[in-house]
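Student: my questions concern the predicted model and sequence given below.
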Amino acid sequence: MSKANLGWLFYKKMYEKGDDDRHIKSTMDQLLRVNAKDDSMGAKHSFRLKTVYPGLLIGSGYAHGLSSDYDAKIGFYFDHTTGLPIIQGSSVKGMLRSFFALPMEGQSDPYTKEKHSFIRDLIKKSDLDVDALAREIFEGIDADTQEPKSIYERDIFYEARVVATNGNLLQDDYLAPHGDDPLKNPIPLRFVKVAPEVTFEFNFDLKSSKLATSEEKENLFIELVQTFGIGAKTNVGYGQFAEWTREERDAHRDKQKRREKQEKKAGLDGFDLLVEELKELKKRDANMIKKIKEYEGDIKDKEAIKEIVKSKSGPEKFYNRVVKYLDELE
């Protein structure tokens, strides 16, 4: 957490003495010196992306600016509680929604065909009903019944938090607007941005359906954010994120697999859970994998499991390990 609430510095302290150059410069210097991060949300689904040059601009539509040249001339968004920059969940949802070409206020998207084709390519489903998937994700409409889903069955979008920096959280930058006269000598306008090499954690609670699993949705969101960016001025390079390395992608896939196993086990009890545990054990002895899998449907109790494992010519060390494991469960 920061030692100073950045939002308070930017929107309150900055204005305490009006157009006092010295005070404004001192406050801006203090703002840009703060290097802080937030805690991970620990959401059910999440991924981390790192900003690249020139950085990220959020909240530019908010009013800000005094006549002093030291002041920032456009706004910035800070979380009210932590004072740190965040990307609101509604902003993440709105940005992703725009790539699915859902009609807005009754107006259709002129690039619907191209966007749907792009989504199908990313999710690797050539016959996917993208419109149905979009209504499911962003409007909570069930694809079969066309009725609204329960709030507990809908996909949830949380804020994206700063979880790591590389020395700087914020930096200043300048715009040089020419107006209608391309030959006019522009007056540089100062503004604040998230610095390059700041890591954001994007957070969701995604639900699987017949159209797409939660992992497919998560992977789709990763590709969309990395492809198009987020925030203001993405057309001139702001709001872009670094491509994942192979190691980062492998680590994320491993995380997804662990989550899948945990979710599957959470829905099991008794014998079914025991079979899942045995599946994990059998991976350590390759020649028993097919044997145990072949007889899983016939297993009725622990003693039966022991007998099946023992009688199917598996290594004795594997049998002993299974017996010990089953006995420990009692």
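Tutor: Nice, I can see it.
Student: how far does the host helix or strand of residue 261 sit from the chain's center?
Tutor: In this assignment (DSSP states H and E), residue 261 forms part of helix 246-266. On the basis of C-alpha atoms, centre = their mean, to the nearest Å, helix 246-266 sits 15 Å off its chain's mean C-alpha point.
Student: tell me which residues in it are buried?
Tutor: For helix 246-266, the buried set under the neighbour-count rule, 16 or more other C-beta atoms under 10 Å, comprises 252, 256. (Each C-beta comes from the backbone N, C-alpha and C, glycine too.)
Student: so which elements touch that helix?
Tutor: The elements that helix 246-266 packs onto, with contact taken as 3 or more C-beta pairs under 8 Å, 6 or more residues apart in numbering; DSSP states H and E, are helix 214-228, helix 270-282.
Student: lowest average pLDDT across the ones you listed?
Tutor: Among the helices and strands packed on helix 246-266, helix 270-282 carries the lowest mean pLDDT, a mean of 61.
Student: tell me the confidence at residue 83?
Tutor: Per the predicted model, pLDDT is 93 at residue 83.
Student: please begin residue numbering at 40 from this point
Tutor: Happy to do that; since the first residue is 40 now, the last one works out to residue 122.
Student: give me the nearest residue to it, chain neighbours excluded.
Tutor: Nearest non-adjacent residue to residue 122, counting by C-beta to C-beta, 6 or more residues apart in numbering: residue 44, 3.2 Å away.
Student: cool, residue 299 as well?
Tutor: residue 254 (7.1 Å).
Student: could you report the neighbour count for the one you found?
Tutor: Neighbours of residue 254 under the rule other C-beta atoms under 10 Å: 17.
Student: how much space separates it from residue 169?
Tutor: 18 Å (C-beta to C-beta, to the nearest Å).
Student: the helix holding residue 300 versus helix 253-267: what angle between them?
Tutor: Using axes from the mean of the first three to the mean of the last three C-alpha atoms, to 10 degrees, the inter-axis angle of helix 285-305 relative to helix 253-267 is 150 degrees.
Student: tell me the pLDDT at residue 347?
Tutor: 62.
Student: what does the one 4 residues further on give?
Tutor: Reading off the per-residue confidence, residue 351 sits at a pLDDT of 52.
Student: quick check, the residue nearest to residue 122 in contact with residue 118.
Tutor: No: when contacts are counted by C-beta atoms under 8 Å, residue 44 is not listed as touching residue 118 (9.3 Å).
Student: which of the two has more residues huddled nearby?
Tutor: residue 44 (20 against 17).
Student: tell me the contacts of that one?
Tutor: Residue 44 makes contact with 117, 121, 122, according to C-beta atoms under 8 Å, 6 or more residues apart in numbering.
Student: could you pull up the residues touching residue 95?
Tutor: 124, 232, 233, 237, 239, 269, 270, 277, 278.
Student: the residues you listed, buried ones only, as a PyMOL selection?
Tutor: A single PyMOL command is used to select the members of the contacts of residue 95 judged buried by 16+ other C-beta under 10 Å:
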select buried, resi 124+232+233+237+239+269+270+277+278
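Student: CSV for the contacts of residue 95, including distance to residue 53 and secondary structure?
Tutor: Converted to CSV, those look like this (distance: C-beta to C-beta, whole Å; DSSP: H, G, I helix; E, B strand; the rest coil):
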residue, distance to residue 53, secondary structure
124, 16, coil
232, 16, strand
233, 18, strand
237, 22, coil
239, 25, strand
269, 26, coil
270, 22, coil
277, 22, coil
278, 24, coil
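Student: same list (the contacts of residue 95) but as JSON lines, adding distance to residue 82.
Tutor: As requested, the contacts of residue 95 are exported to JSON lines (distance: C-beta to C-beta, whole Å):
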{"residue": "124", "distance to residue 82": "18"}
{"residue": "232", "distance to residue 82": "26"}
{"residue": "233", "distance to residue 82": "20"}
{"residue": "237", "distance to residue 82": "19"}
{"residue": "239", "distance to residue 82": "13"}
{"residue": "269", "distance to residue 82": "17"}
{"residue": "270", "distance to residue 82": "20"}
{"residue": "277", "distance to residue 82": "25"}
{"residue": "278", "distance to residue 82": "21"}
